[in-house]
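In: How does the following fold in three dimensions:
(one chain, ligands or ions: 1)
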Amino acid sequence: MSINTKYIFVTGGVTSSLGKGIIAASLAKLLQARGFTVTIQKLDPYINIDPGTLNPYEHGECYVTEDGAETDLDLGHYERFLNVATSQANNVTTGRIYQSVIEKERKGEFLGKTVQVIPHITDEIKSRIKLLGKTGQYQFVITEIGGTVGDIESLPYIEAVRQLKWELGDNCTVIHLTLLPYLATSGELKTKPTQHSVKLLLEYGVQPDILVCRSEYPINKDIRRKIALFCNVSPDAVIEALDAATIYEVPILMEKEDLDKIVLKKLNVAMPPELKLDKWRNFLDKLEHPTREVTIGLIGKYVELKESYKSIAEAFIHAGAVNDCKVKIEWIHSDELTEDNIKDTFKNLQGVLVAPGFGNRGIDGKIIAINYARTNNIPFLGICLGMQCAVIEFARNVLGLKDAHSREMSPATTNPVIDLLEAQKNISHMGGTMRLGSYPCHIEEGTLAYSVYGTADINERHRHRYEFNPEYTKDFINAGMVISGINPDAGLAEIIEIPTHPFFIGVQFHPEYKSTVENPHPLFVSFVKASLK
Ligand code: GLN
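Out: Predicted coordinates:
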C-alpha cells in the first residue's frame with residue numbers, strides 16, 4: 001500500500017533549549033491520537049557521527065534504540081510520548097551525512113564532479129528525511145532540525161528544508177518555534193526577536209507556516225495579530241506555548257491551541273473527528289494528583305546535570321503515576337559519598353538507584369552506597385555500571401575478595417569479577433562498538449525478576465563493554481547471590497539479585513530506555529512499590 005506521507009519540519013529560533021523535541025513529540029501525539037501513524041526524526045548539526053562518543057556534560061544522556069543506535073536524548077521523548085520504537089534512521093548528524101557523501105565519493109559515485117554542500121550534502125540530507133517516509137509505515141514524518149536558525153552549522157539543513165518545501169508543496173509544512181521574552185519593567189511580551197528570527201528564515205528562503213511561541217504569559221489577540229502581520233502567517237497559526245508544570249502537559253496545551261488542526265489544514269488532510277487521548281489524560285491526572293510520596297536516591301557522577309539521566313528520571317515519573325505516588329529524586333554525587341557521610345546522606349531515602357556510567361570517577365562512592373543499601377535492607381536497583389558495582393561490592397564484602405574490581409577501573413586486579421566481554425577484546429575504535437541495542441534475556445522462574453516481569457522471556461537494550469565474569473558464578477551463587485536473568489545465546493549474566501534482601505536487583509541492561517507513558521517499565525514500577533513499603 002502506498003501512502004502519501006506528509007512531512008512536517010520543526011525549526012527553532014531566538015535561543016536554544018526552547019523544547020523543539022517536546023513540541024514535535026506533542027504534535028506527534030495529537031496526530032497519533034487522531035488515528036494517524038507518525039514518526040519523529042532529529043537532525044543534529046554536529047560533526048560527531050553519533051552522540052555515543054560525547055560526554056554527558058556536553059550532550060546529556062545518550063539514548064539507545066532497539067536497533068542499537070546511540071542517539072540524541074530527544075528520541076527518548078519521542079518514544080515515551082508515542083510508545084513506538086525509533087531506529088537508526090531517526091537520528092542523523094552532520095558527521096553521518098558527510099561520512100556517507102565522502103564514502104560515495106571514494107567509491108566513484110560522483111566521478112567527474114566537484115562534490116559540494118549544495119547539491120551533494122543537501123541531497124544526502126533530503127534522502128535521510130525521505131527515508132522514513134519511503135518505509136510506507138508513516139503518514140506523517142516530523143523532522144526536528146537541531147540548533148537555532150542562524151547557526152552556521154545548521155545552514156545546510158535549512159537549505160534542504162527550502163528545497164523540500166518546493167518539491168513537496170502541499171505535502172510539507174514548517175513550524176518555527178520561538179520565544180516571546182517578557183520584560184518585567186514594561187510588563188510586556190516582546191515580539192521583535194521572533195520577527196527577526198523569522199526574517200532570518202526568510203532570508204534562507206523558508207517561509208514558516210506556523211509559529212509556536214514559547215511564553216511565560218498568555219499571548220493576547222493583538223500580539224498574535226502583530227506577529228502574524230510581520231511574519232506572513234495567519235493569526236490562527238500563531239500558537240502560544242506556555243511554560244508547563246510537566247512536559248506531559250504539553251500535548252494538552254497544544255490541543256487547546258489547535259496545533260494539530262492547523263497542521264492538518266495546512267497539509268490538506270481531512271480531519272478525523274475523534275481525538276483519543278484518554279490514556280494520556282488518565283496518566284496526567286495520576287501524575288498531577290499523587291496520594292503519597294517516596295524519596296529515591298539517584299547515585300551518579302553527572303548528577304549536577306540532570307539531563308544525563310533523563311530516561312531514568314522519566315521512568316520514575318511513569319512508575320510513580322502507576323503507584324499513585326510522587327517520586328522525589330534526591331540527586332547524589334557519587335564522588336562525595338564516604339563511609340562517614342553515608343548514614344546521614346541516606347537518612348531520608350526509601351530506595352537507592354545506582355546509575356550507569358563509565359570510568360573510575362565516583363566508583364568508591366557507588367560501592368559504599370550499595371553496601372549501605374544491601375546491609376540496611378534499603379530497596380536497590382543497579383543499572384549497568386550500577387549492577388557491576390553491586391557485583392564488586394558483594395565480591396569484596398561477602399566473598400572476601402578485597403581487591404575485586406572491574407577490569408575497566410583496575411586492569412591489573414587479581415579478581416576481575418567484571419571483565420571485558422569476549423567480543424570486545426579486539427576492538428580498538430571507540431565509536432559505536434559497544435554491545436548495543438536489544439538482546440534477549442531469559443529469566444528464571446521463582447525469582448524477583450520473574451515476579452517483576454511476570455514472564456520468562458524479555459528483550460532489553462544494552463550499552464556496555466564489560467560483563468559479569470562467569471568464572472566467579474559458583475562463588476557468588478554459593479554466597480547467596482542469584483543470577484536470575486541470562487542471555488540465552490551468550491550465557492551472559494543480565495540480572496543479579498539477593499533473595500534474602502527485600503528488593504535488591506541489578507541489571508546489565510537499561511530498562512529506562514523502554515519506559516513510556518503507556519508502558520511504564522515493570523522494574524521501575526516494582527522498585528517504586530518496594531520503596532513505598
Ligand atoms: N562502563 C561499563 C561497561 O562498559 C558500564 C556501562 C554503562 O553503565 N552503560 O560495561
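In: Dump the strand or helix carrying residue 158 to CSV, keeping only the CA atoms.
Out: According to DSSP states H and E, residue 158 maps onto helix 155-168. Presented in CSV, the C-alpha positions along helix 155-168 are these (Å, rounded to 0.1, in the frame of the first residue of the first chain):
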residue,chain,number,x,y,z
LEU,A,155,22.5,26.1,7.3
PRO,A,156,22.6,23.0,5.0
TYR,A,157,19.6,21.6,6.9
ILE,A,158,17.6,24.8,6.4
GLU,A,159,18.6,24.8,2.8
ALA,A,160,17.3,21.2,2.5
VAL,A,161,14.0,22.3,4.0
ARG,A,162,13.8,25.1,1.5
GLN,A,163,14.3,22.6,-1.4
LEU,A,164,11.8,20.1,0.0
LYS,A,165,9.2,22.8,0.6
TRP,A,166,9.4,23.5,-3.1
GLU,A,167,9.4,19.8,-4.1
LEU,A,168,6.7,18.6,-1.8
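In: list the buried ones in that helix?
Out: Residues of helix 155-168 classed as buried by neighbour count (16 or more other Cβ atoms under 10 Å): 155, 156, 157, 158, 159, 160, 161, 162, 163, 164, 165, 168. In this view, the C-beta of every residue, glycine as well, is placed from N, C-alpha and C.
In: For those, give me CSV that also has distance to the ligand and pLDDT.
Out: CSV is the format used below for these (distance: Cβ to the nearest ligand atom, whole Å; pLDDT from 0 to 100):
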residue, distance to the ligand, pLDDT
155, 35, 96
156, 33, 97
157, 30, 98
158, 35, 97
159, 37, 97
160, 34, 98
161, 35, 98
162, 40, 98
163, 39, 97
164, 37, 97
165, 40, 95
168, 40, 95
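In: Please verify my assumption that residue 182 contacts residue 216.
Out: Yes - with contacts counted by Cβ atoms under 8 Å, residue 182 reaches residue 216, the gap being 5.1 Å.
In: The stretch 301-450 of the chain against the ligand: which residues are in contact?
Out: 356, 357, 358, 384, 385, 388, 408 (Cβ under 6 Å from any ligand atom).
In: Can you check these and name whichever has the most neighbours?
Out: residue 388 (29 neighbours; other Cβ atoms under 10 Å).
In: Ignoring the adjacent residues along the chain, who's closest to that one?
Out: Among residues not flanking residue 388 along the chain, residue 418 sits closest, at 4.6 Å (Cβ to Cβ, 6 or more residues apart in numbering).
In: The one you found: neighbour count?
Out: By the criterion of other Cβ under 10 Å, residue 418 has 28 neighbours.
In: Ok, the one 3 residues further on next?
Out: Residue 421 has 15 neighbouring residues, counting by other Cβ under 10 Å.
In: any idea how far the closest residue to it other than its chain neighbours is from the ligand?
Out: Excluding its sequence neighbours, the residue lying closest to residue 421 (Cβ to Cβ, 6+ apart) is residue 467, at 5.0 Å. According to Cβ to the nearest ligand atom, to the nearest Å, residue 467 and the ligand sit 7 Å apart.
In: what bridges to residue 467?
Out: Beta-bridge pairing of residue 467 under DSSP bridges involves residue 419.
In: residues touching the residue nearest to residue 388, list them.
Out: If you count contacts by Cβ atoms under 8 Å, 6 or more residues apart in numbering, residue 418 has them with 388, 391, 392, 405, 406, 407, 408, 466, 467, 468, 469.
In: go with 6 Å
Out: Neighbour list for residue 418: 388, 391, 406, 466 [criterion: Cβ atoms under 6 Å, 6 or more residues apart in numbering].
In: Taking those residues, tell me the two that lie furthest apart.
Out: Greatest spatial distance in the contacts of residue 418: 391 and 466, 10.2 Å, computed using Cβ to Cβ.
In: For the two, work out which one has more neighbours and name it.
Out: Comparing residue 391 with residue 466 by other Cβ under 10 Å, the one with more neighbours is residue 391, at 26 against 22.
In: For that one, give me its contacts.
Out: Applying Cβ under 6 Å, 6+ apart, we find residue 391 in contact with 417, 418, 468.
In: ditto for residue 514
Out: By Cβ under 6 Å, 6+ apart, residue 514 lies in contact with residue 521.
In: Pull up the gap between it and the ligand, please.
Out: Remark: distance between residue 514 and the ligand (Cβ to the nearest ligand atom) = 15 Å.
In: Could you say which helix or strand holds the residue nearest the centre of the chain?
Out: Nearest to the centroid of the C-alpha atoms of the chain, with distances taken as Cα atoms, centre = their mean, sits residue 76, at 2.6 Å. Using DSSP H and E, residue 76 sits in helix 74-82.
In: So which bits of stretch 396-416 are buried?
Out: Those would be 396-399, 401, 404-410, 413, 415-416, for stretch 396-416 by 16+ other Cβ under 10 Å.
In: Pull the most distant pair out of those residues.
Out: Farthest pair in those, by Cβ to Cβ: 398 and 408, 21.3 Å.
In: What about the residues of the stretch 301-450 of the chain next to the ligand, which are in strands?
Out: Counting by DSSP state E, no part of those is found in strands.
In: Looking at those residues, spot the one nearest residue 260.
Out: Lowest distance from residue 260 to those (Cβ to Cβ) belongs to residue 356, with 36.0 Å.
In: Show the contacting residues for the closest one.
Out: 383, 384, 385.
In: Could you dump those into a markdown table with pLDDT and distance to residue 532 added?
Out: Formatted as a markdown table, the contacts of residue 356 follow (pLDDT from 0 to 100; distance: Cβ to Cβ, whole Å):
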| residue | pLDDT | distance to residue 532 |
| --- | --- | --- |
| 383 | 98 | 20 |
| 384 | 98 | 25 |
| 385 | 98 | 26 |
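In: now, among those, which is nearest to residue 447?
Out: residue 383 (17.8 Å).
In: Just give the nearest non-adjacent residue to that closest one, would you?
Out: Using Cβ to Cβ, 6+ apart and skipping the chain neighbours, the partner closest in space to residue 383 is residue 356 (5.1 Å).
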